[in-house]
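# missing the sequence, but the structure's below:
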């Protein structure tokens, strides 16, 4: 049965030059000629966004966020207009829209806005007129002041999935320079296998734990609105990875894959008062400073004092330390220490819910490799360890081998 409405998203590497734009236009045209309605979301070409940021920094050391959004949003608009021209040359009626014209309404947090709603009237009208609708990714318009906003890292993925949800599309196809989601980063594990299926929940854990195939916020939207996502290659016609609400029981993996991060830091507050409300005060201040905190551990208090450790993105480390030091007068503690040489390795799999011993095996494998575990964090389908950054790649390879993730039959034994 033909798909009635398809949202197709193409990343920057897919539209990096004129020939690639023509190739993508041909792919969009093929989808239209198959009988589907098509909405395509495109990113800025190649390194365009990086170039725009560099231009801004040539002018100002601290560019105004509103003006940065005005500047950065142009990259996707250029791609959109060029793609419409290419489709017209192929004989298809096409029309391009900015995020604002497509009705993508956001909050007013410049450079990292969140989508509030998608009205999409002009996109629906274009589809009703049998035209291909092209929407500039990564951008919208603020609800209060009607300013141009951008959505931050991975914003075009989020645009595509949110449009698919708003338009009740049958699928959101994310075209990228890899053929799907793999059991580990193929650059580290050459034998990593492509996953044919993954659940929204598994993909959410993998994206949060370091997998860069899909932006975390896009997976959150897909899970919230039950949007089927198909991650596939821009350059090859083969099937990719289908990400859906849940995988069939027969296809459910004990361990689906391994994700990792090498850009995290650990912060420890020594000698914090061990009493109600202290943790709330600390993490409220960090949240107000827009610092994303992960993997929190507090030890058992002694003599009314405890040590509190947590991880933050490496880029937020200085700001986190400054925020904590500013609290010293009203929230006494002995010292702030940090480690900017940590990494994280995460096992993810739906089958962990009903298969005990996964964490124990993980810890045995790491011990055999001489890798010391500094912190542990878990969910029902995930086990994350914080380790020395130097050992991350070795740990990923050892765990991939130990759980035989390159073997389809072994992964799916439940």
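Sure thing, it's come through. Owing to the predicted nature of the structure, the values given are computational and were not obtained by experimental measurement.

# sketch out the low-pLDDT regions of the protein for me.
1-3, 248-252, 408-414 (pLDDT under 70).

# which strands or helices does the longest strand along it pack on?
Counting by DSSP state E, the longest strand found in the chain is strand 257-273. In terms of contacts (3 or more C-beta pairs under 8 Å, 6 or more residues apart in numbering; DSSP states H and E), strand 257-273 is packed against helix 200-208, helix 278-288, strand 305-313, helix 317-325, strand 335-348, helix 392-402. For glycine as for every other residue, the C-beta is placed from the backbone atoms N, C-alpha and C.

# in the second one, what counts as buried?
Of the residues in helix 278-288, those with enough neighbours to count as buried (16 or more other C-beta atoms under 10 Å) are 278, 279, 282, 285, 286.

# one more: the fifth one?
Judged by neighbour count (16+ other C-beta under 10 Å), strand 335-348 contains these buried residues: 336, 338, 339, 342, 343, 344, 345, 346, 347, 348.

# domain-wise, how is this structure divided?
5-177, 249-414 (automatic domain parsing).

# which one, of these, ends up nearest to residue 183?
domain 249-414 (4.1 Å; C-beta to C-beta).

# what about the closest one, distance to the chain center?
Taking C-alpha atoms, centre = their mean, to the nearest Å, one finds domain 249-414 lying 18 Å from the centre of the chain it belongs to.

# now do stretch 164-180
Using C-alpha atoms, centre = their mean, the offset of stretch 164-180 from its chain centre is 14 Å.

# for the remainder of this discussion, apply numbering that starts at 14.
Okay, residue one is now 14; in that scheme the one you just asked about reads as stretch 177-193.

# list the pairing partners of the longest strand of the chain within its sheet, with orientation.
Strand 270-286 has the following sheet partners, assigned by DSSP bridges: strand 318-326 (antiparallel), strand 348-361 (antiparallel).

# circling back: using JSON lines, lay out the domains of the chain together with distance to residue 247.
Formatted as JSON lines, the domains of the chain follow (distance: least, C-beta to C-beta, whole Å):
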{"stretch": "domain 18-190", "distance to residue 247": "4"}
{"stretch": "domain 262-427", "distance to residue 247": "22"}
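
# so which of the ones you listed gets nearest residue 221?
domain 262-427 (8.2 Å).

# can you pull the contacts of the closest residue to residue 131 other than its chain neighbours?
Closest residue in space to residue 131, ignoring its immediate chain neighbours: residue 179 at 3.8 Å, by C-beta to C-beta, 6 or more residues apart in numbering. Applying C-beta atoms under 8 Å, 6 or more residues apart in numbering to residue 179 gives the contacts 130, 131, 132, 133.

# can you list those in CSV and add distance to residue 382, neighbour count and secondary structure?
Below are those laid out as CSV (distance: C-beta to C-beta, whole Å; neighbours: other C-beta atoms under 10 Å; DSSP: H, G, I helix; E, B strand; the rest coil):
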residue, distance to residue 382, neighbour count, secondary structure
130, 49, 13, strand
131, 47, 22, strand
132, 53, 12, coil
133, 51, 21, coil
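
# nearest to residue 159, of those residues?
residue 132 (13.2 Å).

# that closest one contacts residue 116, doesn't it?
Yes: Residue 132 is in contact with residue 116 according to C-beta atoms under 8 Å; the separation is 3.1 Å.

# you'd agree residue 153 is in a helix?
No: using DSSP: H, G, I helix; E, B strand; the rest coil, the secondary structure at residue 153 is strand, not a helix.

# how many neighbours does it have?
Using other C-beta atoms under 10 Å, residue 153 has 32 neighbouring residues.

# what do you get for residue 328?
Based on other C-beta under 10 Å, the number of other residues close to residue 328 is 11.

# can you tell me how far it sits from residue 365?
Residue 328 sits 31 Å away from residue 365, going by C-beta to C-beta, to the nearest Å.

# show me the contacts for residue 277.
307, 324, 325, 326, 327, 355, 356, 357, 399.

# ok, of the contacts of residue 179, which one's closest to residue 374?
Nearest member of these to residue 374, counting by C-beta to C-beta, is residue 131, at 44.0 Å.

# surely that closest one is in contact with residue 112?
No: judged on C-beta under 8 Å, residue 131 makes no contact with residue 112 at a distance of 9.4 Å.

# excluding chain neighbours, what is closest to residue 112?
residue 152 (3.6 Å).

# burial of that neighbour, as a residue count?
Other residues close to residue 152 by other C-beta under 10 Å number 27.

# now residue 377
12.

# from residue 416, how far out is it?
12 Å.

# where exactly do the strands run in the stretch 164-313 of the chain?
184-189, 210-212, 242-246, 254-257, 270-286, 307-311 (DSSP state E, counting those that start in this stretch).

# if we can go back for a sec, turn the contacts of residue 179 into CSV, columns for distance to residue 275.
As requested, the contacts of residue 179 are exported to CSV (distance: C-beta to C-beta, whole Å):
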residue, distance to residue 275
130, 36
131, 35
132, 40
133, 39
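
# need the max-distance pair from those.
It's 130 and 133 that sit farthest apart of those, by C-beta to C-beta, at 9.2 Å.
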